[in-house]
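**Student:** Predicted model follows, preceded by the sequence.
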Amino acid sequence: MDRVLVVIFGLMGVGKTTVAQALGQARGWPVIHSDTVRKALAGLSPTTPARYGFGQGIYSEDFSRRTYAEMRRQARELLARGVSGVILDGSYKSARERAQVRELARDQAAAAVFVYCQCPREVVRARLLKRQENRRAISDGRLELLDLQAEDFEPPSEADQPLLRLDTGGNLEQALGEIKQFLEGLGIA
């Protein structure tokens, strides 16, 4: 396929946005971040904290559906304009959300590929604690929400293919190299 939708997904704090930004920069592909889209839909600047409880406020199921629908709309628009690759950065916690991306890719004659980011729990904990101190952080993911999100997360399945399970606990360059090999193995230059 000449066109691709790359879904960078997983739990909070695993480094999805860091990987998505680095991949976007390396490939020249636009990145659509769920945190940025969510806050724009709520009329908030990206760095305005939205500290709701799990599944509440702009993190409710309804608002999340709106957020992921807007991400798909933006991706559809970019692909229709001839962009060869679009990166979607979000938790994509449900099989339904991932199926909707596959449907969009089919409609746009593009490939949908999934990169499931995961790393050791202690790395996630350290990242989330550090994020709390960063006043410019866009994500509202917090340590006290991690276990709740993990319980609510539907792990990737056979339907989420092609799938790369990426360890994001170490070197970013190594992670990017793994993604590059993965994409090249699929015939995506």
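**Tutor:** Nice, thanks for sending it over. Numbers count the residues shown, from 1 in each chain.
**Student:** Touching the longest helix seen in the chain from outside, list them.
**Tutor:** Ordering each helix of the chain by length in residues (DSSP state H) puts helix 61-80 first. Residues from elsewhere that reach helix 61-80 (C-beta atoms under 8 Å, 6 or more residues apart in numbering): 3, 5, 30, 32, 34, 37-38, 41-42, 55, 57-58, 86, 88, 90, 92, 97, 100-101, 104, 107-108, 110. Quick note: C-beta positions are derived from backbone N, CA and C, even for glycine.
**Student:** Mind checking which of those residues land in helices?
**Tutor:** Ser34, Val37, Arg38, Leu41, Glu97, Gln100, Val101, Leu104, Asp107.
**Student:** any chance you could map the strands in this protein?
**Tutor:** 4-9, 31-33, 85-89, 111-118, 163-167 (DSSP state E).
**Student:** distance of the closest residue in space to Leu143 that isn't next to it in sequence from Gly169?
**Tutor:** Nearest residue to Leu143, sequence neighbours excluded (C-beta to C-beta, 6 or more residues apart in numbering): Leu128, at 4.5 Å. Between Leu128 and Gly169 the computed distance is 14 Å (C-beta to C-beta, to the nearest Å).
**Student:** likewise Leu41?
**Tutor:** From Leu41 to Gly169 the distance is 31 Å (C-beta to C-beta).
**Student:** Compare neighbour counts for the two and give me the winner.
**Tutor:** Neighbour count, other C-beta atoms under 10 Å: between Leu41 and Gly169, Gly169 has more, with 17 against 14.
**Student:** Identify the residues contacting the nearest residue to the more buried one once chain neighbours are set aside.
**Tutor:** Spatial nearest neighbour of Gly169, chain neighbours left out: Cys119 (3.2 Å); criterion: C-beta to C-beta, 6+ apart. Applying C-beta under 8 Å, 6+ apart, we find Cys119 in contact with Val14, Gly15, Asp167, Thr168, Gly169, Gly170.
**Student:** what about Gln25, how many neighbours?
**Tutor:** 11.
**Student:** go on, Phe182?
**Tutor:** For Phe182, using other C-beta under 10 Å, the count is 18.
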